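Asker: pasting the structure only:
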């Protein structure tokens, strides 16, 4: 379980003012109600009504010792000269509503919301002096002007920072765009080189195939020629051996055939080595 938030006094006052300042109510923080020496409530509100303005004061406490001192001195009772209702407001756990006199209302800041644990007794609405209204008007308008000016300056700084970041991002985009374009050009040049290399390789492969085909055709042609010659020699040998009565010429014919066979055999051996 997380620890409860430790509120600062002014922070808690602004937090409450943001809640009570709405379409029906106007709120002022730390506004002195009149000339020097007049009370300065933490939060002061008026309803937007001519007949029932219901001036209300909210006293902010963030330390128990400060609360006890205020109650002991009775300072908050003076607020009824300027308001018909007075609330004590503090973070949860600082005090209990029983610790606060019943003439005051009690609002407690929980973790995420303000809760009214006791409504303030509505006293007779005091008649506020012209000085009070002039103070609320003059200082209130001046505060709103300073607030608007501060918000405008903050907005202009935010816009300037956004423009600077946009400018930096745009410059980076242009640099990245240039790098990308250069990369694309380089890839295209590499693609053209690869295409040219591919064409050269295909031409070389075709030439190798053609040379290989010619050499194979030559080898096969020589082998076929040798086989034809061998076949002719064998046929001549058979022809020379067929006549039985030509015994005298047989020896000569056989020798001639054998010589022819040897020549053919040598020719085949030479071709085989090649």
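Answerer: Sure thing, it's come through. Just so it is clear, the structure is predicted and the values come from calculations on it, not from any experiment.
Asker: Give me the distance between stretch 167-176 and the centre of its chain.
Answerer: The chain centre lies 17 Å from the centre of stretch 167-176; the measure is Cα atoms, centre = their mean, to the nearest Å.
Asker: now do stretch 76-96
Answerer: 49 Å.
Asker: got it, and stretch 20-35?
Answerer: Centre-to-centre, stretch 20-35 and its host chain are 44 Å apart (Cα atoms, centre = their mean).
Asker: Need the contact partners of it.
Answerer: Contacts to stretch 20-35, defined as Cβ atoms under 8 Å, 6 or more residues apart in numbering, come from residues 10, 13-14, 17, 38-48, 56, 58, 82, 128-129, 131-132, 135-136, 139-140, 143. No exception for glycine: its C-beta is placed from N, CA and C like everyone else's.
Asker: Could you pick out which of those residues are located in strands?
Answerer: 43, 44, 45, 46, 47, 56, 58 (DSSP state E).
Asker: between those, which is closest to residue 108?
Answerer: Set against residue 108, the nearest of these by Cβ to Cβ is residue 58 (12.2 Å).
Asker: ok, that closest one - contacts?
Answerer: Residues in contact with residue 58, defined by Cβ under 8 Å, 6+ apart, are 13, 16, 20, 41, 42, 43, 44, 45, 86, 87, 89, 107.
Asker: For the stretch 51-200 of the chain, give me the ranges with low pLDDT.
Answerer: 143-152 (pLDDT under 70).
Asker: State the distance from residue 57 to residue 212.
Answerer: Residue 57 is 110 Å from residue 212, where distance means Cβ to Cβ, to the nearest Å.
Asker: Look at those two and report which has more neighbours.
Answerer: For residue 57 versus residue 212, the count of surrounding residues by other Cβ atoms under 10 Å is larger for residue 57: 23 against 10.
Asker: for the strand or helix carrying residue 71, which positions count as buried?
Answerer: Taking DSSP states H and E as the definition, residue 71 sits inside helix 64-73. Neighbour counts over helix 64-73 (16 or more other Cβ atoms under 10 Å) mark 67, 71 as buried.
Asker: which outside residues touch that helix?
Answerer: By Cβ under 8 Å, 6+ apart, the surrounding residues in contact with helix 64-73 are 59, 61, 76, 88, 90, 94, 95, 99, 100, 101.
Asker: before we move on, what about stretch 112-128?
Answerer: 15-16, 19, 33, 52-56, 80-87, 89, 97, 100, 102-108.
Asker: Start and end of that stretch, how far apart?
Answerer: Start-to-end span of stretch 112-128 (Cα to Cα, to the nearest Å) is 35 Å.
Asker: Pull out the buried positions in it.
Answerer: Using 16+ other Cβ under 10 Å as the test for burial, stretch 112-128 gives 118, 120, 128.
Asker: can you give me the offset of that stretch from its chain's centre?
Answerer: Stretch 112-128 sits 49 Å away from the centroid of its parent chain (Cα atoms, centre = their mean).
Asker: and which of the contacts of residue 58 is nearest residue 153?
Answerer: Nearest to residue 153 among the contacts of residue 58, counting by Cβ to Cβ, is residue 13 at 23.3 Å.
Asker: Please narrow the contacts of stretch 112-128 to those residing in helices.
Answerer: 15, 16, 19 (DSSP state H).
Asker: one step back: kindly give a single ChimeraX line that selects the buried subset of the contacts of stretch 20-35.
Answerer: Here is the ChimeraX command that selects the buried residues among the contacts of stretch 20-35 (16+ other Cβ under 10 Å):
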select :13,14,17,39,41,42,43,44,45,46,56,58,82,128,132,135,136,140
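Asker: gap between residue 176 and residue 183?
Answerer: Distance from residue 176 to residue 183, counting by Cβ to Cβ: 10 Å.
Asker: what's the longest strand seen in the chain packed up against?
Answerer: The longest strand of the chain (DSSP E) is strand 85-91. Counting contacts by 3 or more Cβ pairs under 8 Å, 6 or more residues apart in numbering; DSSP states H and E, strand 85-91 packs against helix 9-20, strand 56-60, strand 105-109.
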